[in-house]
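In: sequence and computational prediction follow.
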Amino acid sequence: MATILVNGVRREVQAPADTPLLYVLRNDLELSGPQFGCGLAQCGACSVLLDGKEIRSCITPLSAAGNKEITTLEGLPARWAQQKGLSAANAAKTLHPVQQAWIEEQTPLCGFCQNGMMIKATELLERTATPTVAEIKEAFTTSGPSPHLCRCGSYAAILDAVQRAGALMAKGGK
Ligand code: FES
Ligand code: FES
């Protein structure tokens, strides 16, 4: 048995230490934000944040989580609410600015890759509030083990959404 911290809550899971974190999140904890794409750290669909850093959960063993904080797509609103010091009542009806921007830009096409895109955007914007286009492209292509892939070709919309999210975050949300 292992205890992991997921979206601010300690969860006990019955899984061998070498189980991919993605399987634990999806199958044991029923968090369906992270997707199984390639299973080889080559697409980004499975991304989550581990202590604020994007990781590929398909190749990360459960044991690597340790006492670190895992944030999935489902946990982004609470992450933002905590960063902004919102009350519990306001937090419950809050979207993370990245999610809000994705909606406003109508970014997803089939949507399969978009979990990883929003996780990467969150990591980037927490580090660099107003990234340049070049910095955004770098984040999504060469900063991780592989580029984040979108077979539908939503890349231009993602660029717009990241910039919109940065602007929303700069003014404190919606
Ligand atoms: S499913 Fe993990 S990177 Fe593709
Ligand atoms: S929106 Fe379909 S794979 Fe990216």
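Out: Done, it's in. Ligands and ions are numbered 1, 2, ... in the order given.

In: now do the longest helix seen in the chain: which elements does it pack against?
Out: Criterion DSSP state H: the longest helix present in the chain is helix 155-170. Applying 3 or more Cβ pairs under 8 Å, 6 or more residues apart in numbering; DSSP states H and E, one finds that helix 155-170 contacts helix 97-104, helix 114-127, helix 133-141. Every C-beta, even on glycine, is put in place using the N, C-alpha and C of the backbone.

In: can stretch 106-119 be said to contact ligand 1?
Out: No - contact of stretch 106-119 with ligand 1 is not found when judged by Cβ under 6 Å from any ligand atom; the minimum separation is 7.3 Å.

In: all numbers from here: first residue = 14
Out: Will do, 14 is the new start, and the previous item becomes stretch 119-132.

In: how about the residues of this structure by ligand 1?
Out: Counting by Cβ under 6 Å from any ligand atom, the chain sits next to ligand 1 at 49-52, 54-59, 69, 71.

In: from those residues, which land in strands?
Out: If you go by DSSP state E, these have R69 in strands.

In: how about G157, secondary structure?
Out: coil (DSSP: H, G, I helix; E, B strand; the rest coil).

In: same question, L62
Out: strand.

In: not counting sequence-adjacent ones, nearest residue to it?
Out: Distance criterion Cβ to Cβ, 6 or more residues apart in numbering; nearest residue to L62, sequence neighbours excluded, is T84 at 4.1 Å.

In: OK, contacts around the one you found?
Out: 19-20, 61-62, 65, 92, 132, 135 (Cβ atoms under 8 Å, 6 or more residues apart in numbering).

In: how close does it get to A147?
Out: For T84, the distance to A147 (Cβ to Cβ, to the nearest Å) stands at 26 Å.

In: spatially central residue for this protein, please.
Out: Centroid-nearest residue in the chain: I132, 2.2 Å away (criterion: Cα atoms, centre = their mean).

In: bridging residues for the closest residue to that one other than its chain neighbours?
Out: Distances taken as Cβ to Cβ, 6+ apart place S60 nearest to I132, at 4.2 Å, with adjacent residues excluded. Assessed by DSSP bridges, S60 has beta-bridge partners R69.

In: what separation is there between A180 and ligand 2?
Out: A180 sits 23 Å away from ligand 2, going by Cβ to the nearest ligand atom, to the nearest Å.

In: tell me the pLDDT at that residue?
Out: pLDDT for A180: 98.

In: flag every residue of this protein that's near ligand 2.
Out: Taking Cβ under 6 Å from any ligand atom as the criterion, the chain approaches ligand 2 at residues 121-127, 163-165, 167.

In: closest one to G185 out of those residues, please.
Out: Distance to G185, by Cβ to Cβ, is smallest for Q127 among the residues of the chain next to ligand 2, at 24.1 Å.
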